[in-house]
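Student: based on what follows, work out the 3D shape:
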Amino acid sequence: MTYPGLGGQQPPPQNAAAAAPLLPGVQPGTTAAFVQLKAGNTIINAAGIFTYSGAPAAGNLIFSDAPASGTDPYGNPYLQGATAYIYFSGQQFAASLSTEIASSPAVSFQNMGSAGVLNPAVYGNSQSETGAFNQLVLSSGDATGGGTTSITLEDQSIGGQIAFANATAVTMTGAAVSAQSFTSAGDISVQGSQLFVGNGTTAEVVLNPKQTVNAAATHISTTPTAAEFNSVVDLVNSLRSAMISIGLAS
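Tutor: Numbers count the residues shown, from 1 in each chain. Here you go, the predicted structure:
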């Protein structure tokens, strides 16, 4: 028996309770084009995986893994890939696993409210083919608006050190490279046009072992004789040879 207006279905019992609202998730006997799962403070939906530090809200997204960048329903922007977020002074910062530079796997860092042209990142790759190489690069990125960039290797311990172990060559290029103390167990080549020694007050070049000096050059009168003058020339040449031998001149 059918009932008009009910699509051939029997009417519910007169005392039946109202149907309860569907909970998030897959319901028995139902199908849907969009499904959202929630476990604690983590939400999984078609846009990706999103974890919050508390109840989902603006300003507390701490992790996302998404196939594309976007903004969650609470106004938090998120990046493509697996990304962790922290907040300082009301600003959102991100550390993201992506292909930020040279199409290589990278961990990039950015201020979500003011991204650079190219964000600072650590990236690298490895190849197993014969003759291939492994590479790890620390990049400062490229600042917007003509800003400056820098890379600082900082050891905050007492008496600590930063070492380049088992490296056949260490190359430092740029307008300026500075270090409070630098020791090389190998040759040092200076390809620039100038080598500056000193701190504005004192300057000293120490040769070890010390180079022999013509004894006649230990004292020069106000008006040097030819022999004294030649001694000075010998001294300068000796110093130049010593500097060449340790890579300070060519």
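
Student: per-domain residue ranges of the chain.
Tutor: For the chain, automatic domain parsing gives the domain ranges 37-146, 186-250.

Student: for the chain, what spans make up the strands?
Tutor: Per DSSP state E, the chain carries strands over the ranges 37-39, 42-45, 48-52, 61-66, 70-71, 77-78, 81-88, 91-101, 104-111, 121-125, 135-139.

Student: what sits against A94?
Tutor: For A94, the contact set (C-beta atoms under 8 Å, 6 or more residues apart in numbering) comprises L79, T83, A84, Y85, F109, Q110, M112. In short, each C-beta sits where N, CA and C put it, glycine included.

Student: now with 7 Å?
Tutor: L79, T83, Y85, Q110, M112 (C-beta atoms under 7 Å, 6 or more residues apart in numbering).

Student: can you pull the contacts of the residue lying closest to the fourth one once chain neighbours are set aside?
Tutor: On the basis of C-beta to C-beta, 6 or more residues apart in numbering, the spatially nearest residue to Q110 that is not a chain neighbour turns out to be N119, at 4.3 Å. N119 makes contacts with E100, S108, F109, Q110, G141, as judged by C-beta under 7 Å, 6+ apart.

Student: let's see if you can find the most crowded of those residues.
Tutor: Counting neighbours by other C-beta atoms under 10 Å, S108 leads the contacts of N119 with 25 neighbours.

Student: all helices of the chain, in order?
Tutor: Under the criterion DSSP state H, the chain contains helices at 226-245.

Student: quick check, L118 in contact with T144.
Tutor: No: contact criterion C-beta atoms under 7 Å: L118 and T144 do not qualify, at 9.5 Å.

Student: looking at the two, which one has more neighbours?
Tutor: More crowded of L118 and T144, by other C-beta under 10 Å: L118, with 17 against 11.

Student: tell me the bridge partners for that one.
Tutor: D142 (DSSP bridges).

Student: what pLDDT does it get?
Tutor: At L118, the model reports a pLDDT of 76.

Student: next: the one 4 residues further on.
Tutor: Among the per-residue scores, V122 shows a pLDDT of 84.

Student: tell me the contacts of it?
Tutor: Going by C-beta under 7 Å, 6+ apart, the list of residues near V122 reads A106, V107, L138.

Student: so which of those wins on neighbours?
Tutor: Highest count within the contacts of V122 by other C-beta under 10 Å belongs to A106, 23 neighbours.

Student: identify the farthest-apart pair in the contacts of A94.
Tutor: Using C-beta to C-beta, these reach their maximum pairwise distance at Y85 and Q110, which is 10.5 Å.

Student: my read is that G59 contacts S89, right?
Tutor: No: if you go by C-beta under 7 Å, G59 and S89 don't touch, sitting 11.9 Å apart.
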